[in-house]
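> pasting the structure only:
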């Protein structure tokens, strides 16, 4: 009988769609013996950013990689100014400097995705000094609290580092002073009961790991999260359906 070693199971696992949480990434490295390589693209553009092509460069875990050859990418603020490394903004393709970029617009002009020389992806990212890009969330998922932009994925992944947490979703709750505050919906691991102590530990974990403005001021323990058939968390349900006591199992 042939012995199967972790390294024989996979060489380069890749990920598309919603960012994998920290727990899954660590599981792949521990039990399959290889690193998850993220990549990024859209139906309109194909792949524009990746970490698994043949170019020799470092690939930090959690990064969606670097610009694919043939694409020039920038990070823009709301006034279409190019942002420096380390600041969050909308990912855009510089059309005139991207010979591999083929998308020229929608058939019926149902959406205007171009501004000047930029194609706007609608995704919020951060570029690091090594040229790698880090996904924060869709522009309409980003939580603006006290003037700061917070990606829900960053909060969710940090909450998942707590030993008692199985799943997590972060959403913005309207607030008269801050615009929005952050609320975490948390599914605990089997056999763990929610408590004020666990909620405080989760808040302190996020406060220390991210920042004071990014920690969830409210933590609610739930039995399940609303998801798509593919397992992607439907954050919008918390704003639209759950306040009306609409059953999660019917979403």
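Looks like it arrived, so ask away. Because the structure is predicted, anything quoted here is derived from the model rather than measured.
> switch to C-alpha atoms for all contacts and neighbour counts from now on
OK.
> and the gap between residue 102 and residue 92?
From residue 102 across to residue 92, the span is 14 Å (C-alpha to C-alpha, to the nearest Å).
> now swap in residue 38 and tell me
18 Å.
> more neighbours, residue 102 and residue 92?
Legend: neighbour count by other C-alpha atoms under 10 Å for residue 102 and residue 92, higher for residue 92 (25 against 11).
> so that one sits against residue 125, correct?
No - Residue 92 is beyond contact range of residue 125, at 9.8 Å (criterion: C-alpha atoms under 8 Å).
> all strands of the protein, in order?
14-15, 37-42, 46-50, 66-67, 73-76, 88-94, 114-115, 118-127, 133-138, 143-145, 148-150, 165-175, 179-188, 218-221 (DSSP state E).
> what mean pLDDT does the fourth one get?
pLDDT averaged over strand 66-67 equals 90, rounded to a whole number.
> my guess is residue 93 meets residue 119, correct?
Yes - assessed by C-alpha under 8 Å, residue 93 is found in contact with residue 119 at 5.1 Å.
> for the nearest residue to residue 147 once chain neighbours are set aside, grab the count of nearby residues.
Using C-alpha to C-alpha, 6 or more residues apart in numbering and skipping the chain neighbours, the partner closest in space to residue 147 is residue 178 (7.5 Å). When neighbours are counted by other C-alpha under 10 Å, residue 178 registers 14.
> and residue 178, how far is that from residue 144?
Look at residue 178 and residue 144: by C-alpha to C-alpha, they are 8 Å apart.
> check residue 28 too.
33 Å.
> quick one: which of those two has more around it?
Taking other C-alpha under 10 Å, residue 28 and residue 144 do not tie; residue 144 has more neighbours (19 against 16).
> for residue 233, which of the strands of the chain is the nearest?
strand 165-175 (7.2 Å; C-alpha to C-alpha).
> just checking, what packs against that closest one?
strand 143-145, helix 152-159, strand 179-188 (3 or more C-alpha pairs under 8 Å, 6 or more residues apart in numbering; DSSP states H and E).
> which of the ones you listed is buried the deepest?
helix 152-159 (a mean of 23; mean count of other C-alpha atoms under 10 Å).
> figure out which of the strands of the chain is closest to residue 200.
strand 218-221 (8.5 Å).
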